[in-house]
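Trainee: Generate a structure from the sequence data that follows.
(one chain, ligands or ions: 1)
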Amino acid sequence: MALAKIIYASMTGNTEEIADIVGQKLEELGHDVEIDECTTVDASDFEGADIAIVATYTYGDGDLPDEIVDFYEDLADLDLSGKIYGVIGSGDTFYDYFCKAVDDFEEQFAQTGAEKGAESVKVDLAAEDEDIKKLEAFAETLSAKLG
Ligand SMILES: Cc1cc2nc3c(=O)[nH]c(=O)nc-3n(C[C@H](O)[C@H](O)[C@H](O)COP(=O)(O)O)c2cc1C
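Mentor: This is a model prediction of the structure:
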């Protein structure tokens with residue numbers, strides 16, 4: 001059984017919720033799922049996963065949350081060849097750089113040799129019905145990539 005590992009940063013709960021939505025769908029699809037807050041793990045924990053997922057909000061002026069910066073920096077040094085990755089995030093369209101941290105993590109994953117398994121999903125604040133559908137489709141696409 002494939003292991004999907006989801007690492008998230010969340011201040012007010014929106015990103016944690018979308019991580020849970022994706023995790024639940026992956027479980028329904030028959031995968032083992034581990035969901036951890038980013039300060040409780042090391043980036044190298046992704047080495048034991050088949051599917052590596054980051055869920056992050058965006059802070060400041062298009063910045064990464066402070067608490068995920070170490071994880072972000074360490075990620076680029078990993079060799080995740082043969083694995084599948086995906087990125088999701090919550091932001092606020094009020095800001096100039098909507099969900100910029102999602103794009104930053106995509107670039108970082110691209111350096112690991114992992115294969116992008118699905119288009120990133122960016123959610124405006126808390127997930128609504130349409131977002132939930134997109135997040136579930138994201139999980140299905142990642143799952144299908146495992147073949
Ligand atoms: C001070 C501050 C700065 C923010 N900057 C951005 C930003 O640059 N881009 C963005 O998309 N969202 C920005 N946000 C919005 C958060 O990313 C958004 O509220 C998100 O849903 C928070 O996720 P969480 O509930 O998981 O903590 C900012 C929020 C705060 C409070």
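Trainee: Nearest residue to Asp45 in space, ignoring adjacent ones along the chain?
Mentor: Lys5 (6.5 Å; CB to CB, 6 or more residues apart in numbering). From N, CA and C alone the C-beta is placed, and that goes for glycine too.
Trainee: what are the pairing partners of the helix or strand encompassing the one you found, and which direction each?
Mentor: Using DSSP states H and E, Lys5 sits within strand 3-8. Sheet pairing of strand 3-8 (DSSP bridges) gives strand 32-37 (parallel), strand 51-57 (parallel).
Trainee: right, and these - which one's nearest the ligand?
Mentor: When those are compared by CB to the nearest ligand atom, strand 51-57 sits nearest the ligand, at 3.2 Å.
Trainee: Does the ligand have contacts with the closest one?
Mentor: Yes: using CB under 6 Å from any ligand atom, we find that strand 51-57 touches the ligand at Tyr57.
Trainee: Same question for stretch 68-84.
Mentor: No: judged by CB under 6 Å from any ligand atom, stretch 68-84 stays clear of the ligand, getting no closer than 11.1 Å.
Trainee: Likewise for stretch 112-131?
Mentor: Yes: interface with the ligand: stretch 112-131 contributes Leu125 (CB under 6 Å from any ligand atom).
Trainee: For that stretch, measure first residue to last.
Mentor: End-to-end distance for stretch 112-131, by CA to CA, to the nearest Å: 28 Å.
Trainee: got the residues of the protein near the ligand?
Mentor: 10-16, 57-62, 90-92, 95, 97-100, 125.
Trainee: How about the contacts made by the residue of the chain with the smallest separation from the ligand?
Mentor: Using CB to the nearest ligand atom, the closest approach of the chain to the ligand is made by Gly91 at 2.3 Å. Applying CB atoms under 8 Å, 6 or more residues apart in numbering to Gly91 gives the contacts 57-58, 98-102, 122-125.
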